[in-house]
Every structure is written in C-alpha cells, then in structure tokens.
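Student: Predicted structure and sequence below. I'll ask about it afterward.
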Amino acid sequence: MKIQPCYIINDKTILLKGEYDVFGKLCTRVFEEDQTVLVDRTPVEIINNTLLIIGDDFRGALESSRYLLGEMKMYPIKINETLDIWLFPTKSYKKDNCVWFALSHIRKTKAIGVRKTEVSLSYGHTFKVEMKQSSFNDKRQKAEDLRGIIRKNSKNPMIFYQKPKQQGFYICEDCYQRKEIDPPEKTED
C-alpha cells in the first residue's frame, strides 16, 4: 500500500489512528467513506496542518476548548464548524495509540466487554476501542458540548459598544494644541 505524504481532514474523515509503518515510524491510518489511507504524518501533525490552512492551529484549538469547557482531560477540538467537523481523542493526544473520532460519524455505541466498546460509524463501519462505553460516551458528550457552545457563541456574539470620544487636533500655521472637536461654525458669505 502506498503511503500518502499528507492529508487534509474533510467531512468524509471518520477517524484518525496512529499506526507504525514498516520502518517503525509513527504514521496515521485515516478512515474515510469507502477507504483507509496511511499518511506519513502523526495524527497531531495532520490535525495541525488542517487547522493551519483555515487560520488556526492545534494549540489554539486546545486552548479554545480548555477555555470553553473548563478544566478536564483530553479535550475535543473544533476542526471546521461549517463542515461540522469536531474531533475527540480516546486517550492523551501524546500517546501513539490515541484514536481521534469525528463526532458527526458516530452512530451508536455498544459495550462488548468490561473495557471494550464497539462504535458504529457512518458508511457501515465499526471500530472496537479499548475503553468503557461510559468513558467513550462521556468524551463524545464533551465534543457535543463544545459544538453547542461554539454554535451558540457564533449565533449570538457578545458585542460591546463604546461611544468614541471625539477628540482631535486643532492645527494652524503657528500653533499646535489638543482640543475637543466642535462642529465647524457656519459662516455667511
């Protein structure tokens, strides 16, 4: 299988999973609509590169999530609000085996053991993840919360109005002083 040099997350991206290539380098297995692609970048590099082309970056997305959701672990992030792309990790993003799920592609979850969950995804895909169903659903809910907060803030932005002080300079050939600007007086010719 050919390794792709780069990848941009899009609305068909279902999940990103760290995977080692034949040389032991950490790459990313991307699951899409009807294919999987091995990309020669880590999941965080793919996320960061995708965010950079729309004017953000990975650290900024994490900081925004931290600000909006408060203190917690393993923050979900907004990739693209317009395309409804929100990702959340199963583990710390620093771990090689972290899986990033796209919120909009999750259909349902089912416990299949004490610490295993079967996740039904778009396009008929299923992914088994090593974590409790309740933990997975909590992470999913935090991503839903982030989406709700950002959508609410986008529709009802806080606007502050401040009446500007009308000050300016009165300038003449042989003087210089600061003065409140008054409307020019009307003169009759």
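Tutor: Ah, there it is. These numbers were taken from a predicted model, which means no experiment stands behind them. Residues are numbered from 1 along each chain as shown.
Student: give me the beta-bridge partners of Leu26?
Tutor: Bridge pairing for Leu26 (DSSP bridges) gives the partners Tyr20.
Student: Give me the most central residue, this protein.
Tutor: Lys78 (2.1 Å; CA atoms, centre = their mean).
Student: Show the subsequent helix or strand relative to the helix or strand hosting it.
Tutor: Lys78 belongs to strand 77-80 when assigned by DSSP states H and E. Proceeding N to C from strand 77-80, the next assigned helix or strand is strand 85-89, under DSSP H and E.
Student: if we can go back for a sec, and the residue nearest to the centre of the chain, how far from Glu118?
Tutor: 27 Å (CB to CB, to the nearest Å). All C-beta spots, glycine's among them, are computed from the backbone N, C-alpha and C.
Student: Gln141 and Pro76, how far apart?
Tutor: 10 Å.
Student: so where's the longest helix in this protein?
Tutor: helix 133-155 (DSSP state H).
Student: which residues touch that helix?
Tutor: 65, 68-69, 72, 74-78, 81, 84, 86-90, 101, 103, 106, 109-111, 117, 119, 129 (CB atoms under 8 Å, 6 or more residues apart in numbering).
Student: how about a cut-off of 10 Å?
Tutor: 61, 64-65, 67-69, 72-78, 81, 84-91, 101-104, 106, 109-113, 115-119, 129, 131-132 (CB atoms under 10 Å, 6 or more residues apart in numbering).
Student: If I take it and strand 85-89, what angle do their directions form?
Tutor: Computed by axes from the mean of the first three to the mean of the last three CA atoms, to 10 degrees, the angle separating helix 133-155 from strand 85-89 equals 140 degrees.
Student: for helix 133-155, the distance to its chain's centre please.
Tutor: Distance of helix 133-155 from the chain centroid (CA atoms, centre = their mean, to the nearest Å) equals 12 Å.
Student: that older thread, counting contacts, what elements does the strand holding Lys78 pack onto?
Tutor: Contact here means 3 or more CB pairs under 10 Å, 6 or more residues apart in numbering; DSSP states H and E; on that basis strand 77-80 packs against helix 43-52, helix 58-69, strand 85-89, strand 99-102, helix 133-155.
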